[in-house]
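*Asks:* Here is my input; please provide its structure:
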Amino acid sequence: MAEESRTPVAFLVPVQDNDGASLEHEIRELEQELFAEFGGFSQEGRVRGAWQMASGERVDDVSIRYVVAVEGPEGLQRLLSVLDAFKSRTRQEALYVEIRRNVEVRII
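*Replies:* All right, here's what the predicted structure looks like:
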């Protein structure tokens, strides 16, 4: 495999929807899509946090933190599209996405 420069993108995926139902099936589908589209992903573990809904309501949740290394602006747009589709399927108001532009990943 040739050396390629990539940008790491981290994001949080909630383990339950806003009504408390498990998203396990949807998360497995997302992981399959990430693998097929980007050749892999890293799961950094579960994190706990709080989110303020548009209504002002506080929601405490548990999420899984993922990292995918994307190639160029096109790869970033493809990942954002995958995450937007997940957000729509699971009726989330928003997903946390962290684009690490000043960090370079090399697959060697």
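*Asks:* now the residue nearest to residue 97 when sequence neighbours are not counted, which residues is it bridged with?
*Replies:* Using C-beta to C-beta, 6 or more residues apart in numbering and skipping residues adjacent in sequence, the residue nearest residue 97 is residue 11, 4.6 Å away. Using the backbone N, CA and C atoms, a C-beta is placed for each residue, glycine as well. Beta bridges link residue 11 to residue 66, residue 97, judged by DSSP bridges.
*Asks:* got a pLDDT number for residue 77?
*Replies:* We have a pLDDT of 97 for residue 77.
*Asks:* Which secondary structure state is assigned to it?
*Replies:* At residue 77 the chain is in helix, as set by DSSP: H, G, I helix; E, B strand; the rest coil.
*Asks:* residues near it, how many?
*Replies:* By the criterion of other C-beta atoms under 10 Å, residue 77 has 11 neighbours.
*Asks:* Find the least confident helix or strand in this protein, judged by mean pLDDT.
*Replies:* One helix or strand of the chain scores below all others by mean pLDDT, DSSP states H and E: strand 105-107, with a mean of 67.
*Asks:* on that earlier part again, separation between the residue nearest to residue 97 and residue 99?
*Replies:* Separation of residue 11 from residue 99 (C-beta to C-beta, to the nearest Å) stands at 9 Å.
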